[in-house]
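Asker: Return a 3D structure for these sequence lines:
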Amino acid sequence: MARAATADSLPVPATPWRSLGVLLVLAAAVFLAALLIGSSGIGLRAGLAALAGGGDEATRNVLLEVRLPRVLAAFGVGSLLALSGVLLQALFRNALADPYVLGVSGGAAVGALLAMIAGATALLVQSAAVAGALGAVGLVYLLARGGGTPRLLLTGVVLASACGALVSVLLALADSSRMRGMVFWLAGDLEWAVRPWLSAGTALLAIAAAVVLARPLNVLAAGELRARTVGLALEGWRTLLFITCATLTALAVVSAGTVGFVGLITPHAVRLSFGTSDHRIVAPAAALAGGMLLAAADLAARTIAAPRQLPVGAIMALVGAPLFVVLLRQRR
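Answerer: Here you go, the predicted model:
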């Protein structure tokens with residue numbers, strides 16, 4: 001027991017910290033590129049001048065009132081989904097666990113689509129998505145209570161499948177005039193992120209909490225036997241992680257619709273690239289990488305077919321899948 005506790009408190013080698021610094025520089029570059037690049041025809045020099053406080057007012061409005069909230073939302077939502085994936089994979093010890101396995105996205109989708117069919121405003125659509133997400137989380141928790149993580153995982157998968165069937169029925173019943181908005185919401189659309197500071201601020205708090213709680217996460221990821229050996233309160237930690245992941249996922253879904261793939265591949269990519277499973281490194285690195293990837297995908301969605309905009313969730317999946325396969329083959 002003493003040896004296990006000491007291993008969890010060992011200092012992290014310098015290489016992962018250097019890699020984290022490189023990732024931070026890349027994320028800053030993506031953030032700046034997403035601000036300066038777009039379909040409005042603003043040049044690099046004019047954009048930099050506007051960010052420095054100069055330039056004309058129209059350019060500053062585009063950068064600070066249109067693009068900046070969207071970039072913040074992309075980083076916030078991507079970080080929330082990636083961090084939720086890290087926590088769920090530690091909780092379930094399952095490589096396929098991702099933020100949507102709890103049925104949160106399915107419940108939110110059902111609530112949001114019902115509101116869209118009724119012709120509700122954007123605020124009411126988001127409120128309905130929150131209600132659907134909370135209802136799905138509560139139902140999963142009640143049905144899986146007392147059965148441990150396997151029952152929790154299976155219940156979430158079954159509920160997500162049921163919600164998927166309901167979504168198909170709602171799409172079939174929807175009016176054609178509302179179909180495009182519903183499809184974009186389901187595929188992921190950052191135009192719904194009307195409060196980007198909320199998702200970005202929550203992501204920062206969640207990252208800090210995950211780093212502070214890295215040792216219990218490392219113990220949970222090592223298995224139930226080790227957790228009981230070191231005296232970790234399994235049921236309490238399971239409940240805490242379940243509520244935390246559900247909250248982070250619900251906030252991300254309400255902000256940007258159902259953006260998939262970020263929470264599944266980002267934790268694996270970070271572990272493979274950094275060569276460590278220590279959550280002191282994996283949690284902040286995955287959150288940073290998730291935000292960077294979603295911001296880059298949103299930049300592509302805004303510019304590839306400009307002035308038309310593509311669903312950011314579809315771009316994320318198209319880019320993320322081959323990227324992850326290449327990384328996996330290189331580290332085989």
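
Asker: Tell me which stretches of the stretch 201-332 of the chain form strands.
Answerer: In the stretch 201-332 of the chain, no strands are defined using DSSP state E, counting those that start in this stretch.

Asker: For it, give me the ranges with low pLDDT.
Answerer: Within the stretch 201-332 of the chain, the stretches falling below the threshold (pLDDT under 70) are 327-328, 330-332.

Asker: Enumerate every residue touching the spatially most central residue of the chain.
Answerer: Nearest to the mean C-alpha position of the chain, counting by C-alpha atoms, centre = their mean, stands residue 81 at 1.6 Å. Residues touching residue 81, when contacts are defined by C-beta atoms under 8 Å, 6 or more residues apart in numbering, comprise 99, 248, 249, 252, 259, 262, 263, 266, 290, 294. Using the backbone N, CA and C atoms, a C-beta is placed for each residue, glycine as well.

Asker: The last one contacts residue 78, correct?
Answerer: I take that to be residue 294. Yes. Residue 294 sits in contact with residue 78 when judged by C-beta atoms under 8 Å, with a separation of 3.1 Å.

Asker: what's the overlap in contacts for these two?
Answerer: Taking C-beta under 8 Å, 6+ apart as the contact definition, residue 294 and residue 78 share the neighbouring residues 259, 262.

Asker: one step back: ranking the contacts of residue 81 by neighbours, who comes first?
Answerer: Sorting the contacts of residue 81 by how many neighbours each has (other C-beta atoms under 10 Å) puts residue 252 first, at 37 neighbours.

Asker: Once you drop chain neighbours, what's closest to that one?
Answerer: The spatial neighbour of residue 252 that comes closest, neighbours along the chain excluded (C-beta to C-beta, 6 or more residues apart in numbering), is residue 80 at 4.2 Å.

Asker: Just the element for the one you found, please.
Answerer: Under the assignment given by DSSP states H and E, the secondary-structure element containing residue 80 is helix 68-92.

Asker: In helices, which of the contacts of residue 81 appear?
Answerer: 248, 249, 252, 262, 263, 266, 290, 294 (DSSP state H).

Asker: ok, now which ones touch the third one?
Answerer: With contact set as C-beta under 8 Å, 6+ apart, residue 252 has these partners: 76, 77, 80, 81, 84, 99, 199, 259.

Asker: Kindly recompute the last result at 6 Å.
Answerer: Residues in contact with residue 252, defined by C-beta atoms under 6 Å, 6 or more residues apart in numbering, are 77, 80, 81.

Asker: Quick check: the residue nearest to the centre of the chain vs residue 51, distance?
Answerer: Counting by C-beta to C-beta, to the nearest Å, the gap between residue 81 and residue 51 amounts to 28 Å.

Asker: next one: residue 200
Answerer: Distance from residue 200 to residue 51, by C-beta to C-beta: 18 Å.

Asker: Counting neighbours, go ahead and name the busier of the two.
Answerer: Relative neighbour count places residue 200 above the other of residue 200 and residue 51, with 22 against 17, counting by other C-beta under 10 Å.

Asker: That one and residue 76 touch, don't they?
Answerer: Yes. At 3.6 Å, residue 200 counts as touching residue 76 under the criterion of C-beta atoms under 6 Å.

Asker: What residues of stretch 311-320 count as buried?
Answerer: Going by neighbour count (16 or more other C-beta atoms under 10 Å), the buried part of stretch 311-320 is 311, 312, 313, 314, 315, 316, 317, 320.

Asker: Touching it from outside, list them.
Answerer: Outside stretch 311-320, the residues that touch it by C-beta under 6 Å, 6+ apart are 184, 187, 188, 190, 259, 260, 261, 265, 297, 298, 300, 301.

Asker: Format the residues you listed as a markdown table; extra columns: distance to residue 151.
Answerer: Conversion of the contacts of stretch 311-320 to a markdown table gives the following (distance: C-beta to C-beta, whole Å):
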| residue | distance to residue 151 |
| --- | --- |
| 184 | 35 |
| 187 | 31 |
| 188 | 30 |
| 190 | 35 |
| 259 | 27 |
| 260 | 24 |
| 261 | 26 |
| 265 | 26 |
| 297 | 34 |
| 298 | 37 |
| 300 | 40 |
| 301 | 38 |
